[in-house]
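Chemist: Structure for this input, please:
(chains A and B)
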2 protein chains.
Amino acid sequence: MPSPTSPLRRVAILAVGQELLGTDRLDTNSLWITERLEEWGLLLHEKQVCGDDQADIEDRLADLLARHDLVLVTGGLGPTADDRTKESAAALLGRGLIRDEAIVASLKERFRRRGYEMPEINLKQADLVEGAVVLRNSRGTAPGFLIEAGEKVLILMPGVPVEMQSMMVEEVRPRLAPRVPSDGIVRRTVRVASLPESAVEAKVKPVYQKWPGVTFTILAAPGDIVLRFTAPGPASSAMVLLDSIERDFRESIGDAVYGRDDDSLESVVVGLLRSRGESLAAAESCSGGLLSKRITDVPGASRVFLGSLITYSNESKVRDATVPAEELEAHGAVSREVALSLARGARARFGSTYALSVTGIAGPDGGSDQKPVGTVHIALASPRGERHIEFSLPSDRAMIRSYSATIALDLLRKELLRLDLSRERPDRSGQEGM
Amino acid sequence: MPSPTSPLRRVAILAVGQELLGTDRLDTNSLWITERLEEWGLLLHEKQVCGDDQADIEDRLADLLARHDLVLVTGGLGPTADDRTKESAAALLGRGLIRDEAIVASLKERFRRRGYEMPEINLKQADLVEGAVVLRNSRGTAPGFLIEAGEKVLILMPGVPVEMQSMMVEEVRPRLAPRVPSDGIVRRTVRVASLPESAVEAKVKPVYQKWPGVTFTILAAPGDIVLRFTAPGPASSAMVLLDSIERDFRESIGDAVYGRDDDSLESVVVGLLRSRGESLAAAESCSGGLLSKRITDVPGASRVFLGSLITYSNESKVRDATVPAEELEAHGAVSREVALSLARGARARFGSTYALSVTGIAGPDGGSDQKPVGTVHIALASPRGERHIEFSLPSDRAMIRSYSATIALDLLRKELLRLDLSRERPDRSGQEGM
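Modeler: Sure thing, here's the model as predicted:
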């Protein structure tokens, strides 16, 4: 009977292992596998994780094979009594397990070379699934299996990442190649700052509707939204399509789009400053170093970032950032006035082109009726004047701090961007209020 | 009809979201949820991940509810067209969706406070599942749902971690409590700083062997190791057992054990400083704000943390932290001398009891033969003198920075701990070198 040749369109991953149902290990293998699948032109449809119980594994395999063309399984191929993946697949598909004496010999040889005698328990690894293609494990002792069940393909691989990875590349890829749909996929990401998810959604809806064949997803963190879209291949034509879609997104969202693919707000800001030969400093109160940390996460940040004052006490605001004491008294540390003075003070102290400041109430304590937890003032001092933003985000400490740093970075980004635009278009009128 | 009271024994998690089927995001929510479930006495049996398609979600919910007593779903409750979890559950269970005008009003108010008008699309978040218990979202706009379907319980929560987490603690926990099996499990975590995994592993091996019925796991990040152990309930007797094991761990590992359960190095350090009425400042170079950020992550840090200098340029080291220019010239910015001067300078400027400093080469550039990437000097200035640590960690930028902050925090923790010990035992001799 010839092998089936129908394209594999629905793909699922099953990770087997009790340890993946605990509190500190995730099935990270699936990310690596998904990346390879996407490179090869296959799109993942579903993932599952189950424990080591044979009844559970059989049940999961049955469920997944009923609904997918290709099911990739990792884990449970080792020598211990816990390892039941091969047994489960064989039982489900009515296949036997046959001991392979050549594998027994090579296992023994492998142990001998490492100076051990092979434990009896390892014999299990020489048992092959009847009618399956054996996938060689160049990094370990457990072979993998490719089992064709009608039009469906079931692949069993070890859970050890390095063993699974070489098996995928060396053994799985060439065998799947003939059944990869010829219309693969290509993916792109566009990143948006400082807008709420629903506002972005409203702006991009017409773009979704314009491109019905394309898969769009939107992923939101406060102040930072990721639009991802995937087009069917071949790559060259898909790229042209993705370029058009990205152009549409940029047109409908405007300069809230800060980057694509692996960009971050901080990498974009550091890049803009570098290209302009300008420098940055900061004065942080409630963000407590988070803004500086994000900027200095970027390799090469030292070429543009001169330093920061973490003025976590009023004394430090006055002494280090030269905030007037009477201003603190009159308006409080969380105020427009103090935010502007902090930015001004940091800029003067470090002699930087720009300085950002953040002062707010991150909670859980310190809020009042006038200034509830989540009230934050952000300022930017630049050679051309000052900018100020105030917002109130009723959330928890971590979120308020993270959102503050994001909004501060985006305030500077927009300032830098506007400069670049006005350089390109010297006749541009209608400056936004400083 | 009274609510069912049968114990919830089989538990599954479903994460909904196309982005969780890509190449860079895992369902990390499930780890946090599993941790809470285990604390409450519930053991996870299975996990699944599916995309945003309503047919897929309905299919997964049907599959999971058929085989489990409790199904917890995260994601897909947002305002966008992609968000279909609520719709899927309602369709599967034959329930309607009913718009709640009170929620509409509170959504509008929430947007108004942040300075936006509510987009039409957000109305969807005011639609409630017929017959479901509404779970309040104290951190965001999407309510969650607890739906009883016969003896089964289905819980829908947002995918945003902070929203899901507060909903689990505030709303889900009290409602599940009556149905937690009385013979649950109890878990404890012991945290260890500044030791390599293999050293900890060697020290704790005898403890593992002493308690054969207990499940142990070890989870290692550089400088920060987590030992976790689980005993079968009922809680009262399991607690006694866990106390004994914790005692054994502390005896074999010594004062490298910095805390248990939810402690972090920074929360322990802030706690020690608060109890002693002492204060802290910092001067950071290569860590670029990360140390200050970690300290100020702790609620109430402002009572002990006065501020920090992020001296990311040599000029700033001299001007702001009063590092002698000739010292910088003679030894370089990454040196014992400059680390000590930075700590001294920060302590003098902020007038704090203690000051920590970090200076090093985080890479990828800036390394040399004498001082390769990963070379870091850390210093502590205190009323009793100065301490200094140097290490070299051949790793990437993020890891070098994170390890530096950990080692700095642990240096201060040990100093504070020794003081407390010597106060308790005034006859203690053999002071470690300063």
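Chemist: residue closest to the middle of chain A?
Modeler: In chain A, the residue lying closest to the centroid (C-alpha atoms, centre = their mean) is A:Asp262, at 8.9 Å.
Chemist: what about that residue, which SS state?
Modeler: Secondary structure of A:Asp262, reduced to three states by DSSP: H, G, I helix; E, B strand; the rest coil: coil.
Chemist: and what of the one 4 residues further on?
Modeler: The three-state assignment at A:Glu266 reads helix, by three-state DSSP.
Chemist: if you skip the residues just before and after it, what's nearest to it?
Modeler: A:Arg294 (4.6 Å; C-beta to C-beta, 6 or more residues apart in numbering or on different chains). For the C-beta atoms, the positions are set from N, CA and C on the backbone; glycine is no exception.
Chemist: returning to what we had before: could you measure the residue nearest to the centre of chain A against B:Phe111, distance?
Modeler: 32 Å (C-beta to C-beta, to the nearest Å).
Chemist: before we move on, what about A:Val200?
Modeler: 14 Å.
Chemist: the more surrounded of those two?
Modeler: Higher neighbour count among A:Val200 and B:Phe111: A:Val200, with 23 against 18, using other C-beta atoms under 10 Å in any protein chain shown.
Chemist: Do you know the pLDDT at that one?
Modeler: As predicted, A:Val200 sits at a pLDDT of 93.
Chemist: ok, it - contacts?
Modeler: Residues in contact with A:Val200 (C-beta atoms under 8 Å, 6 or more residues apart in numbering or on different chains) are A:Val192, A:Ile218, A:Ala220, A:Ile225, A:Leu227, A:Ile253, A:Ala256.
Chemist: Okay, now the unreliable bits of the stretch 51-200 of chain A?
Modeler: A:183-184 (pLDDT under 70).
Chemist: How about the secondary structure of the residue in it positioned nearest to chain B?
Modeler: The nearest approach of the stretch 51-200 of chain A to chain B comes at A:Ser198, 4.3 Å away (C-beta to the nearest C-beta). Three-state assignment for A:Ser198 (three-state DSSP): helix.
Chemist: Quick one: residues contacting the residue nearest to it when sequence neighbours are not counted.
Modeler: Of all residues not flanking A:Ser198 in the chain, B:Pro119 sits nearest, at 4.3 Å (C-beta to C-beta, 6+ apart). If you count contacts by C-beta under 8 Å, 6+ apart, B:Pro119 has them with A:Pro196, A:Ser198, A:Ala199, A:Glu201, A:Ala202, B:Pro79.
Chemist: Can you select the buried ones among those for me in PyMOL?
Modeler: Only the buried entries of these go into this PyMOL selection, using 16 or more other C-beta atoms under 10 Å in any protein chain shown:
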select buried, (chain A and resi 196+198+199+201+202) or (chain B and resi 79)
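Chemist: could you dump the contacts of B:Pro119 to TSV with distance to B:Arg347?
Modeler: Shown next, in TSV, are those (distance: C-beta to C-beta, whole Å):
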residue	distance to B:Arg347
A:Pro196	43
A:Ser198	48
A:Ala199	47
A:Glu201	51
A:Ala202	53
B:Pro79	50
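Chemist: quick one: which of the contacts of B:Pro119 is nearest B:Val376?
Modeler: Using C-beta to C-beta, A:Pro196 comes nearest to B:Val376 of those, at 40.4 Å.
Chemist: I'd assumed B:Gly115 was in contact with the closest one.
Modeler: No: in this structure A:Pro196 lies outside contact range of B:Gly115 using C-beta atoms under 8 Å: 10.3 Å.
Chemist: Let me know how buried A:Ala256 is, in neighbour terms.
Modeler: For A:Ala256, using other C-beta under 10 Å, the count is 18.
Chemist: My understanding was that it contacts A:Arg191; is that so?
Modeler: No: with contact defined as C-beta under 8 Å, A:Ala256 does not reach A:Arg191; the gap is 9.5 Å.
Chemist: Could I get the phi/psi values of the nearest residue to A:Pro299 once chain neighbours are set aside?
Modeler: Leaving aside its sequence neighbours, A:Pro299 sits nearest to B:Pro364 (C-beta to C-beta, 6+ apart; 5.3 Å). Taking degrees, to the nearest 10, you get phi -70, psi -20 for the backbone angles of B:Pro364.
Chemist: Likewise for the one 3 residues further on?
Modeler: With angles defined as degrees, to the nearest 10, B:Gly367 sits at phi -80, psi 160.
Chemist: roughly how far apart are it and A:Gly289?
Modeler: 25 Å.
Chemist: more crowded one of the two?
Modeler: More crowded of B:Gly367 and A:Gly289, by other C-beta under 10 Å: A:Gly289, with 33 against 16.
Chemist: I'd like to check which residues are in contact with that one.
Modeler: Neighbours of A:Gly289 in contact, by C-beta under 8 Å, 6+ apart: A:Ser308, A:Ile310, B:Glu284, B:Gly289, B:Leu290, B:Leu291, B:Ser292, B:Lys293, B:Ile295, B:Thr296, B:Ser308, B:Ile310.
Chemist: Nearest to B:Ser275 among these?
Modeler: Nearest to B:Ser275 among those, with distances taken as C-beta to C-beta, is B:Ile295, at 15.8 Å.
Chemist: Now A:Phe391, what are its backbone angles?
Modeler: According to degrees, to the nearest 10, A:Phe391 has phi -150, psi 170.
Chemist: Tell me the residues of the stretch 151-300 of chain A that contact chain B?
Modeler: A:187, A:196-199, A:201-202, A:205, A:208, A:215-221, A:226, A:228, A:282, A:284, A:287-293, A:295-297, A:299-300 (C-beta under 8 Å from any C-beta of the partner chain).
Chemist: and stretch A:21-38, how far apart are its ends?
Modeler: 26 Å (C-alpha to C-alpha, to the nearest Å).
Chemist: got the contact list for A:Ala281?
Modeler: If you count contacts by C-beta under 8 Å, 6+ apart, then A:Ala281 has A:Phe305, A:Leu306, A:Gly307, A:Ser308, A:Ala346, A:Arg347, A:Arg349, A:Phe350, A:Ser352, A:Tyr354, A:Ala355, A:Leu356 around it.
Chemist: what does the stretch 1-150 of chain A put close to chain B?
Modeler: Residues of the stretch 1-150 of chain A lying near chain B (C-beta under 8 Å from any C-beta): A:19-24, A:26-28, A:30-31, A:34-35, A:38, A:44-51, A:56, A:59-60, A:63, A:67.
Chemist: now with 7 Å?
Modeler: A:21-24, A:26, A:28, A:31, A:34-35, A:38, A:44-51, A:63 (C-beta under 7 Å from any C-beta of the partner chain).
Chemist: Show the buried residues in those residues.
Modeler: A:21-23, A:26, A:34, A:38, A:44-51, A:63.
Chemist: Can you pick out the most distant pair from these?
Modeler: Those two in those that are separated most widely, counting by C-beta to C-beta, are A:Thr23 and A:Glu38, at 29.4 Å.
Chemist: And what about the residue nearest to A:Glu266, helix, strand or coil?
Modeler: A:Arg294 - assigned by three-state DSSP - is helix.
Chemist: number of nearby residues for it?
Modeler: Count around A:Arg294 with other C-beta under 10 Å applied: 26.
Chemist: From B:Leu26, how far off is A:Ser402?
Modeler: 20 Å.
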